[in-house]
Structures are given as structure tokens and as C-alpha cells.
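>>> Provided below for reference: sequence and predicted model.
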There are 4 protein chains.
Amino acid sequence: MPSSRSGLHVRASAEMREDRPLRLGMVGGGLGAFIGAVHRSAARLDNRFDLVAGALSDKPDEAQESARMLRIAPDRAYMTFEEMAEVESGRADGIDVVSIVTPNHLHFAIGKAFAEKGIHVICDKPLAVSLEQGRTLARIVDKVGIVFCVTHNYTGYPMVREARALVAAGELGSIRSVRVSYSQQWLTDALEQTDNRQAKWRQDPALGGPAGCIGDIGSHAYSLAAFVTGLELESVCAELTTFVSGRRVDDHAQVMLRYEGGARGLLWASQVAPGEDQNLELAVYGKFGGLVWRHEAPDRLTVTRYGDRPQILTRGGPGMSESAARASRLPAGLPEGYFECFANLYSDVSETIIAQIGGAPLSTTHFPSIEDGVKVLEFIDASLRSSHAGATWTRPT
Amino acid sequence: MPSSRSGLHVRASAEMREDRPLRLGMVGGGLGAFIGAVHRSAARLDNRFDLVAGALSDKPDEAQESARMLRIAPDRAYMTFEEMAEVESGRADGIDVVSIVTPNHLHFAIGKAFAEKGIHVICDKPLAVSLEQGRTLARIVDKVGIVFCVTHNYTGYPMVREARALVAAGELGSIRSVRVSYSQQWLTDALEQTDNRQAKWRQDPALGGPAGCIGDIGSHAYSLAAFVTGLELESVCAELTTFVSGRRVDDHAQVMLRYEGGARGLLWASQVAPGEDQNLELAVYGKFGGLVWRHEAPDRLTVTRYGDRPQILTRGGPGMSESAARASRLPAGLPEGYFECFANLYSDVSETIIAQIGGAPLSTTHFPSIEDGVKVLEFIDASLRSSHAGATWTRPT
Amino acid sequence: MPSSRSGLHVRASAEMREDRPLRLGMVGGGLGAFIGAVHRSAARLDNRFDLVAGALSDKPDEAQESARMLRIAPDRAYMTFEEMAEVESGRADGIDVVSIVTPNHLHFAIGKAFAEKGIHVICDKPLAVSLEQGRTLARIVDKVGIVFCVTHNYTGYPMVREARALVAAGELGSIRSVRVSYSQQWLTDALEQTDNRQAKWRQDPALGGPAGCIGDIGSHAYSLAAFVTGLELESVCAELTTFVSGRRVDDHAQVMLRYEGGARGLLWASQVAPGEDQNLELAVYGKFGGLVWRHEAPDRLTVTRYGDRPQILTRGGPGMSESAARASRLPAGLPEGYFECFANLYSDVSETIIAQIGGAPLSTTHFPSIEDGVKVLEFIDASLRSSHAGATWTRPT
Amino acid sequence: MPSSRSGLHVRASAEMREDRPLRLGMVGGGLGAFIGAVHRSAARLDNRFDLVAGALSDKPDEAQESARMLRIAPDRAYMTFEEMAEVESGRADGIDVVSIVTPNHLHFAIGKAFAEKGIHVICDKPLAVSLEQGRTLARIVDKVGIVFCVTHNYTGYPMVREARALVAAGELGSIRSVRVSYSQQWLTDALEQTDNRQAKWRQDPALGGPAGCIGDIGSHAYSLAAFVTGLELESVCAELTTFVSGRRVDDHAQVMLRYEGGARGLLWASQVAPGEDQNLELAVYGKFGGLVWRHEAPDRLTVTRYGDRPQILTRGGPGMSESAARASRLPAGLPEGYFECFANLYSDVSETIIAQIGGAPLSTTHFPSIEDGVKVLEFIDASLRSSHAGATWTRPT
């Protein structure tokens, strides 16, 4: 069994804790849901949350049945999120934090309900189905002072954080260009016309919102690039296309980006790319160096100083930054994956909330905040407007 | 967010369960341990175990402190494993299963103590420090009828199970040759002369046993090849070398294998291979086809029918076997890793125990049993004898 | 040594030939030039050309010296291309074909001079420094009826031809999207301000033309995508950027493409991408399947039919098309590279000329013709105009 | 088009030369042969040889026809190699060097015939079908003082030479272990029972010699490891297996090696490995560092200093050694392949002969000499004896 160099993977040792676990509630994520199970697994991994309450489905039977199978006490299996926010906020042992894992159109109302009760929120992405909703929610959150995380989860990969740390430290020099792409094949056919639940709500504007591919995975690509580079958007030229006939939202997105300060970006997102599964790739080039990260090998990062040889940075390997080390659990060579990157957001949130409970100031360094979520909505909104105008250059409002 | 084709990743949906969680105890794995945290994280991931008791350290202070931080009730934080076996087996709510995560030399005594009390066991590898110990324990286990899993954990990767299913289905034809290697760099220097705990006990024959590299990672390589091919060992020609001066066990192993029926194998294990981190690779070639699996990309498997094009099989992808699907949680393209492969052993054990509780016959199909653990000890024992005799052909006894 | 399955690599056996070698002349490519040596090596590889004449430099000393070192007879070492065209076209043993390997601004005049004498031409890319030049030349070539090849050389890779054959056969269904990128790092600094000859002329608009990166490597990316997909350009939205201060042409290009029929394309070309060396990648997605080709592993092609497993097609491997087989020399697994892909254009030209000499009709199937070269100029021209207009949608004229 | 940093790829500029081309003859390699065409293409690539004489087949018709197609003058198209050696050595313009590309059993007699006439020799591998033959020939060559190259061609790859230079410079420290493997699939079935010429003579002991896989590709693996590490063989434990029924020589080889000084090696060679095409891999580990080279990406080399990050060394990239630079023609990122590695041996031989003609002392640094060829025969001979004795440790004689 492998070496465990001290300091290289902080999170592993943090699995044993002084703190009490946080009490977690969940809205959505009942039987047959996909992302709810991911959130729960992520919450469990590092031993920091107890799932104690839920409004897991809008169908009462499913809500009850799901709660029972997740060992939630019957009196905390709610039929509506409104009731849950009301009751839980009144209990002495009420939930500390709620996870929102419903279709997109409900994020706003649910987020608002819990935020207003002072309950911290972890919300699946995108934050809302309109920029206006997002901004309204952000104002509420800001006023109430809760922790609010939007699960742009790819920012949780340790080597993505390493990339961010390298850019922040000036290792690449000023950034000149960014290329990011996210390709999937699962919507190559009209899957939404079958009984596939994931496809059905995503392709229904009333549930998923007006943004299709650009909202579902373009948002991941954009937030990944933003997280790593820290660049702010100046304008976009976006062309959103719907290739599958009968489909009501875009399934393919191509975007040119101008960042403040003159950097350029190119973003590709496609859900109709046969052969591709969650193929997310990021390349960042600066005056002094470049880096490439690929989701297919998330524990690695290739970094080149101009004029030197490319180096392979590995999670757990030599010279890893504090930032990446804090998100790492295993020695180099033992693969971490999607659950672990997701769990990093949960554990970051936990640390932040616990610090707040203990009177320490809030730190949101390590997870996408509601401000980050709003910026992604600004990107989506500008892209939709750009595309509707025939793919012309459009500024975020 | 990705597609969730029905049937492709059974384990995900099994996170919501009808069954009660199993009550888990742990021996070893206190503060500062490595593999104990892995076992606990694996046990949590699929929501099937509650850690309720432990004898987590042979130092009373550390045992108590560790238990507290893991939220184990004080009266179930034991100072010795003997006491724990005694008391827990007498409780109505006593542990169903115990995890043994101590240095190797204690596996036997602890395993015996719990087995004799009828408590199921999950034991880290290798099963014991001698073949005789292993066989004695196997006889006890067989008599008592408990579930006993040895965590040769690489057998838990879904695409390793896919490989096994392909071989079993005859897709490669009769197997002709196997090449397997496991390379690490962490013992390139005399790390055991620092304060590294992992290195210290492994390089001390009194704690880790007489087998160094061959026992620590050669065992993984051997068990992986055996799991995939089903081949039985006829004889070995092994050369174990100690490159680092002052070291008391081997740190490099090269082994030629003859399998029953005429297949040939070549096994390489090295802990002094700079640049390599947990680099485990397996290639299997038969009369009709071949396959290659690499730990660095565990979600993929390359399979070639002779005369056809190589195909890339992906976890969650088209045509995955029932066996791999049962061990899969996420759609294709979202990486699973080491915790997930480890969790598959835990969940397999859970399913087996629950079946037994429910009166169904025991099935040990999906995790390495004590018989498998004994076979690995036979390989280690024969390799040690072969090497001592100058690397001559040696049969297991 | 490896297998040689009959029919799999036609070009190897064609190294022994009935035909006489073609007499080759060269303009440019004297001492210290880069691409001239590539052309000559490519011409030699398949044993189909004898280099017998040259105007190798505009400096008389260098021209003479270079000719001598290339064993060109002194009376065929010309000081100007005009003289060379005049004299060679009058000799009974005059050159059959001329290679033009000068800086871009001379392509047109040289091409015209030889074409008008009825001498076949192989011209380095881009065809000319303006679309108008290119079209004028194309008219001349068309009238004279000579063979004219523009060395968009990446079309010479066998697996690129395989990709084209697959698309043409409808294996991917109608094409929906194309992603192509070409990244280099060599111009990250102002190399043109050193004595680097390659950089100097390329960054000088008077010699290299008004297009920098878009003309030098964007042209390769565009022509590769066009060759494989057969798609015709409808319009572009291009943003050309110059990141290095003092530089007079673009060093970074991002382009969105609309193809006739509704397909979408995204093109990235950068010469300021630290860590990247000739990193050319192409992905093509259609209704039924997708393919990916990468220059870093040119002998492979990954192809996926939607719903099936990805397959790895290898040069020399099972099921290779006639088109790829004709361009292949070695069995699968023995790498072919840049010289071989370049040589494929030369050998294609040779076959076409020999067919013409023998009275057979001209076939230009396998190399980029002057028409293809003009189409690339149309792309460059439209991109320059689009970028000058602020990156707006622009049609080729 | 890419950068051409001065000094990074010496061989490219050497294509223009002061020297006269060497006059080359060839024995074997007529119509339908595989390796003859490779030798000729390699000889042409760098413009240093003229093929002027040949005894290309033992069938007179084929010999004549082949010579004609290769534009060899009729009076230099010989029917026997004896005649060719006799006549050419008497001509003022006789061949400088002969290439021997016949089946293995003839290497000795042909090599002897030309060596005794003072004609330099390039001989395909293995040098001979017995160690005795090889040693006899080496004595003759030594006495006569000619240049004699055995085309263990993988030593010609620039990054293999880089690896050798790194080891020689002590970058890895003293070498502890070597792992090398060469896998092919082409003999998975009894191809020799079809009309495949390559398979037929290789599987016939009278033509190919008593060593099958171990001689055909095991020899490549062994010589590659020896070239890079400089280690000398102490003893082998080899198991050669014949899996395909009816086959008369081994088609699978597994060998453990002990090198002088205590290093250990493991060698795998298989021609019955479905899915593998010329899959040659080398890993070398020393006290301070390790390196990995793979034939599937021959232009790259991964090197790790223990404790540092892995670095990717690329042909043409930063920090390349003089030794690799001399064997390189193209800038980084433009792939070189099998023809180019082969051509490096030819050009090395050319440089050595020209130095000798000019009175400079012979240097054989850069190509496998007859001494190297004999050492490979010692390895093969010891492996055959070891295997016949049941895979016991055996010293070379």
C-alpha cells in the first residue's frame, strides 16, 4: 500500500473529526433521480453530514418511500419544500444546510425559501433559469449572510485547483487564451421522446429553462475556465444550434469569448457528439506558460513553462499546492474521481459553516459561491441573446 | 448532466435501500493510519454500514481519541480486539462485521478471534504473514460459515470485472499468456528510516511478515491476474531483490509463472521504480483475443478479437456485462476511482451478509474470499521459497 | 519483423517501379531552408523523382552552392526562376514538375511562370498571398491542363484519408459539427526579432502575406477539416489576434464556421500556446457517428458509431479503406510520420502525371488541387475581412 | 510551418552534402520482400546512398526483374551474391557497402563473402543463426577492418538515443532494473501455413534459425535494453513456448535477466498477443530516476528524477542531447517514424565510412556494431539453452 507523505492529502485525515456532523436536508433526489444520489454520496464520503430531512419528490408516495429508504425519520419526510423550510427552521435540531437537486426551474423558489429561514444552501447548477432570478436570490443570500454553494462541481477536482493556484501565482504569466470544450453523446437521438427522465426535463423549457446544452454543460465549461483563470467576461459571440428535430432547446453550442484585459476564449459544448462521454478539456495559455487538464485523467495536469519541458503534475505528487492538497485524499497514483470532486464542494461548505458556527469569518475560497453562480447565468444569458441575434457580439448585462 | 441508461449502473440506485445498514466494527485504523480511512470511506459511500465499535489502536489514548472522533460510543471503544470480540458478540446490537486494518502480523489472531465468535470479517491483504496461518484461519471460517473478504481491492474495479466476465464467457478463447506489473516509487530511498509509519511496519519482518514487495503489491498483481483469468498456479520461478541497503525485505520482485493447463505468466512488482505511482497493468492474451487494463485509466478496457479492430470498453458504456454493471455507479465518462473500487467489496459483502440474514444462500462471487486470500499466500510462499533457492521453479504446497 | 498482409500497404510495393522517375526541379529551398529539405526527402522516399534542376536561392552564391551539394548539374543551377522555366521547358530532358518552396509572396509568380510553360507544379501552402492571385493562377492552370498540387500536407496521412473515406461512405451520417485546432508555441516570444529565418519571413507581411497564424496553420486546420468532411464554407466569424507586441500579423485565430447545409465548425489556431508543438486535432460528429484524429498519434483514428463502442482504427490494421491502404507503406504498429504523409502527396502527383503521360485521364483524388488551394484562400480572405470588421459573419466572395 | 531552432535537428541539414553518395549493393530484397524495401527507403531518405548493384533474389527471373525496376544497370544485376562480391570488389566504381536482407540462414555466408572483399556491410538482424557463426564473422570483420552494422533498428530512434545519453550521464544513477516487452499479434494463427512469405521463412528453422520469437523480436527487446543501459548480461532464465500447434519454433518468450553488477531485467516477447502491433516498451529504473519509452509514441520519452515531477522529453524539444539531435530531422511535434529510425543507422554508417575514406578513425558510436550483434546472439543462445533445460539460470558462453 502506498506512501502517505505528510501534508499531501489533507482531506483524508480530516475524515476523523472533532466537529459534529452537519444536519443535511434535501429537496428533490427521490427514487430514480440521478444527481440526488451523487450529492448524497458526496456528502457521506468525508463523514461530515447526516441526512436527516427531505422533501424528496413532488409525488407524496415517492417522497415518503424515498425518505424511508434513506432512513429519514417519518416526521422529517416532507411533502413540500415550503413545509420543510418552515418546520426545520423551527426545530432546535433543524437542518444546518439543504441540498437542492430538483430540475432547474425550482432552484430559485426553493433557494429563496431556505435562505430566508437562514438555512445554508447547496444548489445544483445552474443556479436558476433566468439571470433575474439568480440576482434576486443573490441579494437575499447576501442580506441573510448564509453560505450558498452552486455545484459547478468540476472546480472540486484537486488538479483543477492546482491549475487555479498556478495561474494565481503568475506561473503562466498574463493569460492570453483559453480553450475549453465539453462533449457528450447522450442526446444524439431524441432521448427526450423516450421515458428517460434526465432527458425529458432537460429538454423541456418549462422545467430546464430556455438554455439547453449551453446551460447544462456549457455552464460547466465556462465556470471551469473562470475558476482556473479568474478572467472576467467582456462579451460573447455565441451560436446555439438544435440538431435533433423536434427538440426545443439547443443541443450544441459554439462560443467565442472576449475577456476583460484582452484575453480570448473559445468554448465548445455539444450533447450530440457520438463517441464522447463527459469529455471536458481545458487549455490555458499565458505569456510564460501553458497548462492542459482533461477530465478523462482528472488526477493529472500538464504544465509547460515556455522554453522548458512539459511537466506532469499529479494529485498527491511533488510540489502540489496547498489548495490542491486540501482537496486530496489519496496518494499519487490511486485514482480519485467524480464523487471525490463533488465531495470537495460538500466538505468545503462544511468547513465554512463550521467556521461560522465557531465565530470565524466565512471563507468561500474553495467552492463556487452564489456570486460565481450568477456570473455563469450572465454568461448563459448573454449567449442566448447573442445567438438569438444571429451570433453577434453581446455583453453581459 | 449525463445520461442514466437503465440497468447500466446498478449500484447507484442501490444507495437507497430497504435493508438496515450493517453494524461495522474496526480493528486498527486509528489516527494517522492510511488504509483504515480508506476502509471507512468505502464503507460509507454506498450507505450500507454504520461504524459502531472499534479497537482502533494498541495505544489506549489513541484508541479512545480515534473512537471519539469517529463518533463511536465510548462503551464501544475497546482497548483490545479480544475484548471487542467478546463484548460485541454478546450484545443484541453487536457488530455484524469487523474490518481488520492492522499491520499484517495481527491479521491472523484478530481474524480468528472474530470468526470464532461468528462475526463476519473484512480483512486487509495479505490475509496473514504465513501460509500456515492463512490455512488455519480458512478452516475456522469454513467451519463457522461466516463471510470473510480479503481486500484484494483491485478486483473491485468494474472494468476488471468486465475483463473477468469476458474471459469467463470465452471471448478470448483459451488463455495463453498473462503479463501483469505493479510499479511504485515510494521506497526508492530508505523511507523506513524516517518517521514514515507506512514504510516502517512494512519493512519490519516482525510486523509486515517476511514478504516485502512481493507481499505488499506482488500480491495485488497476482490476485488481479487470477481474478480475471481464473487460472490456477502450477509453479513459479521468482527472484526477489532488495536494492536499498539496510532494508530487511525485498523491494523488487520478478516472477515467471506456469499455470495449470499450460498458460504462461510474467509478473513484475517494484517499489523502487522512480516515476511510477501505483502503476498496475494487466494484459491477457488468448487464442481468439486479448485485453489490456491499466490502473491509470481504470474505467476503460481495451479488447481485441484477433483479426478485428481494438474496441474501447468503458464503464457505463454499451454492452457492459451484468457483473460490471452491478459494480458501477456513474454514467460513462464520469470517473470512478479507488474509493469506489474499494466500496464495491464492502457492498458485495453487505449484499452477501444480508442475503444470509434473510436465509438466502451465501454468494461470494464478487469479492475475494478467504480461499482467494489463501491462494495468494500460496503464491507468496512459493515465491519466497523459489527466490531463496536461487530462483528455481517451485510449486505451491 | 512484422506481417505484411497483401493489399494493406500498397505504396511500399510501389517503391519498385516500371515507370521512369519524374524529373524534378525546385525553386527555393537552398541552404538553411526548412521546408525545401522536407519536400526533397518526401520526393526521394518512394523513389519516383530525380532532382535535376533548381533555382534554389535568390542569392547567386547560395543558389550555386546549394545546387552543387544536391548534385544538380551546374548548367541546371539557375539564378532566377524565370530563366529556369524558360530553359527547362526547352530541353528534351527538361523537368516534368517543379516544386515551389519559397516564401509565400513568390508562389504566384513562380507558379504562373512554370504553368505557362506546361510544367506541372507542386506548391507549398498557402497557394498565394491573396485570393485574387490564387484565382488568376487557377484559371491559368485550368487552361493549360497541368497537374498542380498545393501541399496542404496533413491530407496525406493515411488515417486522415481513412477518415475522409468513412465520411464519404456515410458511416457518420450527415455531418453536424466539426472541431479542429492547431496549436504551436514557437512564436510565444518575438522570435522574428532574432535571426530565425522561418519566423522572419512569416511575420513580414511583404513576404508572408497579410495572414499570419490564420494563413500559416489556420490554413492547415481548415483544409484538413474540408478534406475529411467535404463540407463547403458558407460563412465565417473570425477573430484574429496579435498577442506579441511589435508583431505585424496575427498570431492567434479563433473562428466559428457555418457550412453549407447547416453543419457548424469551430476552428482554433495559435502560435502562442506554450507547451504545444504542431498539436493538430480534428473531431467530426454526424448523425450516426463520430471520429477523432490527432497529429500526435497520426497512425490511429478513433471512430464511434452512436450506441456502439469506440473502435481504434490503425494504419495497416483490419478493415482499412482502399484510399488509406494506397497511402500506407508499413504494417500496423510501425510508425509512419510527417515525411511519409508529405511523400504521399508527391507520389500521388507522380501517379497522376504518369497517367497523363500514358494518355490516361488526370485524377486528382488524392492530393489537394489548386481548386482546394483556392478554397483555403477563400477561407483566409473571409477570415481576414471578418476580423477586420470586428469579428462579424462574413461570406467568402 | 514550425520553428527550426539551430542545432536541434542536425540530420535535416545534412541532407545537403559535400560528400559523394556511397555506392550501395543489396543481397535479397527482391519483389515481394518486406524488409528490403525498408532498407532501400531508409538509404534514400537522407540522400547518402545510390543503389547500384544487387543480387536481389535466388530466382534469376525475379533477380533480373527486381533490378530493372530498381533501375540497377543490367550488368550489375547478379544472380548470386558470390559473383556480386567478386565482380564488385574488382570494379573501380564498385559498391562501397552491401545490405544483406535475406532470410537469417544466409547472413553469415553473405557477410563473410563481402567482408573478405573489404566491402562494408549492413546486415539485417539477427546477425546469424548461431552464436558460432556470429563469432566467426566478427573475427573476420575485425581482421579486415570494415564497418559492419547489424540493423537492430530501434536503437535509431532519437529518443532512444536520448535515453542512452541520460543513462550514460548518470541521470538515473546506477541502474537497478529494466523491463522490456515486445508484443505482436500476427502469428496468433498458423500464418506460416498460408502463402505468407514473411511467416513461412521465419517459422522454418532451416531458414530462420532455431530461434523463433526470441530471435525475431526478443532480439530487438534485448538489444534496445542493452543499448540504452549499457548493461552486460550475466545470466538468463528463459522460458520459450510454442502456442500454435504445428509450429516448429517458439512464438512466445519470457526471460528473467541478471546483469553484471546486480541489476535485474524482465523481458517479454510474444507473437501471439491479439491486439498488439509492434508494441515495444522499455522502462529503466535507477537509484536516482527512471525513464519510460514506448514505440507507439517514439518521439517522446518520460523521465523522472526521484522526488521530482515526471518530464516529457520530445524529439526536437528543449534540452535534447547532442546524440539525439544528430539523429533528428524535424522540429518537435512533427512525427518521425520507423523509416527515419532505420535511416539513422544508414546515415551513421555513411558518416563512419566517409570518415574512414577521409582518413579519420572509425567511430561506431551510433549504430549497432557486429560486436553488439554477437552479444544479441549470446543472449539468444543462452535463452535457447536455458529454455531447453527447463528454464534454468544459464550463462552466455
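Nice, I can see it.

>>> Give me the domain ranges for chain A.
With automatic domain parsing as the criterion, the domains of chain A are listed as A:10-153, A:157-332+A:371-388.

>>> export those domains to CSV and tack on distance to residue C:158?
C-beta: built from backbone N, CA, C; applies to glycine. As requested, the domains of chain A are exported to CSV (distance: least, Cβ to Cβ, whole Å):
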stretch, distance to residue C:158
domain A:10-153, 41
domain A:157-332+A:371-388, 20
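
>>> mind showing which ranges of chain A have poor pLDDT?
A:1-13, A:361-365 (pLDDT under 70).

>>> any idea how far the most centrally placed residue in chain A lies from residue A:218?
Nearest to the mean C-alpha position of chain A, by Cα atoms, centre = their mean, lies residue A:152 at 1.4 Å. Distance of residue A:152 to residue A:218, computed by Cβ to Cβ, to the nearest Å: 12 Å.

>>> Give me every residue in chain A lying close to chain D.
Contact residues, chain A versus chain D (Cβ under 8 Å from any Cβ of the partner chain): A:302, A:307-314, A:317-319.

>>> Tell me the buried residues within those.
A:302, A:308-314, A:317-318 (16 or more other Cβ atoms under 10 Å in any protein chain shown).

>>> Just to be sure, which of these are found in strands?
Within these, residues falling in strands by DSSP state E are A:302, A:311-314.

>>> Single out the residue in the stretch 51-200 of chain A that lies closest to chain D.
residue A:162 (11.5 Å; Cβ to the nearest Cβ).

>>> That residue: neighbour count?
28 (other Cβ atoms under 10 Å in any protein chain shown).

>>> For the nearest residue to it once chain neighbours are set aside, which three-state class applies?
With sequence-adjacent residues excluded and distances taken as Cβ to Cβ, 6 or more residues apart in numbering or on different chains, residue A:162 is closest to residue A:324, at 3.9 Å. Put simply, residue A:324 is helix when judged by DSSP: H, G, I helix; E, B strand; the rest coil.

>>> For residue C:236, see how far away residue A:27 is.
On the measure of Cβ to Cβ, residue A:27 and residue C:236 end up 46 Å apart.

>>> Kindly report the same for residue A:198.
As for residue A:198, its distance to residue C:236 is 35 Å (criterion: Cβ to Cβ).

>>> So between those two, which is more surrounded?
Neighbours were counted for residue A:198 and for residue C:236 using other Cβ under 10 Å; residue C:236 has more, 28 against 23.

>>> Count the neighbours of the closest residue in space to residue A:19 that isn't next to it in sequence for me.
Using Cβ to Cβ, 6+ apart and skipping residues adjacent in sequence, the residue nearest residue A:19 is residue A:354, 5.2 Å away. Using other Cβ under 10 Å, residue A:354 has 17 other residues around it.

>>> pretty sure residue A:354 is in a strand, no?
No: using three-state DSSP, the secondary structure at residue A:354 is helix, not a strand.

>>> if I read this right, it contacts residue A:18, doesn't it?
No: here residue A:354 lies out of contact with residue A:18, judged by Cβ atoms under 8 Å, at a distance of 9.5 Å.
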